[in-house]
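Visitor: Curious how this folds, go ahead:
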Amino acid sequence: MKFFILATLFGLSLAICSHKDCTSCASDSSCFWDNGAGECKWVLFQVLSARENIILQPLSCPASLPAFQYTDDFGRNTVFPFAMASNVDGVENVATCLTGNTKNAQVLKQYTVPCDMLGSNCSATLFYHPDANAVVLAFRGSKGTAQFVIEALDLLFKSSQTAPLYNGNVFKYFSNSIQLLWAAGLGNDLSAQIQSHPNSQLWVFGHSLGGALSTLAANAAVRSGIIAKDRVIVSTMGEPRTGDYTFASEVTENLPQAYRIVHYKDIVPKMALKVALSQTNAYHNNFEVWYNNDMSGPNFAVNDRADDGSGSNVDIIGDLDSHLNYFNTDMNSYGPGPCTQS
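Guide: Sure, this is the predicted structure:
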């Protein structure tokens, strides 16, 4: 009798979920793609598959990697110093924090606005990097416990909204912050710089809150026609889930050369919390760069699946220490003089 029931269920699964590829399978709400088996299966059979093999949304199907290939050298010696320099107040101080591959970059302007009820600031710095012919935009991360807690509460309660700069829903703290910065002249000045350097690329970097704002700004630049998507490179560190599945899908389309760097068990990329794999109100875009180590060396893995149970998501529980240490550096005590954060 048990054999008959199992055979019947298996037959139903084959009949209902006969899709031969991940995208069409994951687009069918009755099915899921078992990436380990390379098969489309009935959604009720999820309990028989390992969590990291279950794909329920097309965006998390394995995707071809971008033309621009992420390297540890780029992350360590370009992304990291630009992002850290953006944490400093004042254009003259920002310049002192540019090291390694970034030392010849020109600091053009800094934009700082109060972005929550306590008056915490959000900030972005615009650069031109002549060595790479790149306009660079770097966003400051969270500063202080109060700002971090307000963001965390926003993510905890999953308060989100729509806005003209993006499609889908984005968590309110990030949405309000990017709109304030964009209106403070960032959008117009970015457009002017791209026009002044017509063959340049646009590089956008940030850590934590700065990562979310980086993704929003780069997406807005492509969406508004400031620059073509194939000229944009985004690399974030410790970026939280910024918006919902619709937003993540737009970002993946508009920013095909975007990388989310994650250190070990960093807790922030796991926020807003995504308990069920079927959940779509909080979703990452492609592609994740996971350093499942202390980041002292160049070893990492690029995950070609957006936001399911694979990659760094195999660890459901995260830690804050991983968030505060990237590229084997304590980000709260980075650099000389004004570069040191408190």
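
Visitor: which residues are contacting stretch 39-52?
Guide: 9, 12-13, 16-20, 22, 24-25, 28-37, 54, 56, 277, 308-310, 313-314 (CB atoms under 8 Å, 6 or more residues apart in numbering). (Each C-beta comes from the backbone N, C-alpha and C, glycine too.)

Visitor: Can you flag the buried ones in the residues you listed?
Guide: Among the contacts of stretch 39-52, the ones that count as buried by 16 or more other CB atoms under 10 Å are 13, 16-17, 19, 22, 24-25, 28, 31-35, 54, 56, 277, 308-310, 313.

Visitor: Select from those every entry located in strands.
Guide: 31-34, 54 (DSSP state E).

Visitor: Can you tell me which of those is nearest Val251?
Guide: Of all those, Trp33 has the smallest distance to Val251: 21.6 Å, by CB to CB.

Visitor: still on that earlier bit, tell me the two of the ones in strands among the buried ones among the contacts of stretch 39-52 that are most distant?
Guide: Greatest spatial distance among these (CB to CB): Cys31 and Ile54, at 10.9 Å.

Visitor: burial count for Glu52?
Guide: 15 (other CB atoms under 10 Å).

Visitor: Could you look up the SS state of it?
Guide: What DSSP: H, G, I helix; E, B strand; the rest coil gives for Glu52 is helix.

Visitor: Okay, it and Thr246: tell me how far apart.
Guide: 24 Å (CB to CB, to the nearest Å).

Visitor: Please apply the same query to Thr102.
Guide: 34 Å.

Visitor: higher neighbour count, those two?
Guide: Comparing Thr102 with Thr246 by other CB under 10 Å, the one with more neighbours is Thr102, at 22 against 18.

Visitor: Backbone dihedrals for the more buried one, please?
Guide: With angles defined as degrees, to the nearest 10, Thr102 sits at phi -100, psi 0.

Visitor: contacting residues for it?
Guide: If you count contacts by CB under 8 Å, 6+ apart, Thr102 has them with 77-78, 81-82, 85, 129.

Visitor: Would you format those as a markdown table with distance to His207 and neighbour count included?
Guide: Formatted as a markdown table, these follow (distance: CB to CB, whole Å; neighbours: other CB atoms under 10 Å):
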| residue | distance to His207 | neighbour count |
| --- | --- | --- |
| Asn77 | 15 | 16 |
| Thr78 | 14 | 24 |
| Pro81 | 12 | 24 |
| Phe82 | 10 | 27 |
| Ala85 | 11 | 28 |
| His129 | 18 | 20 |
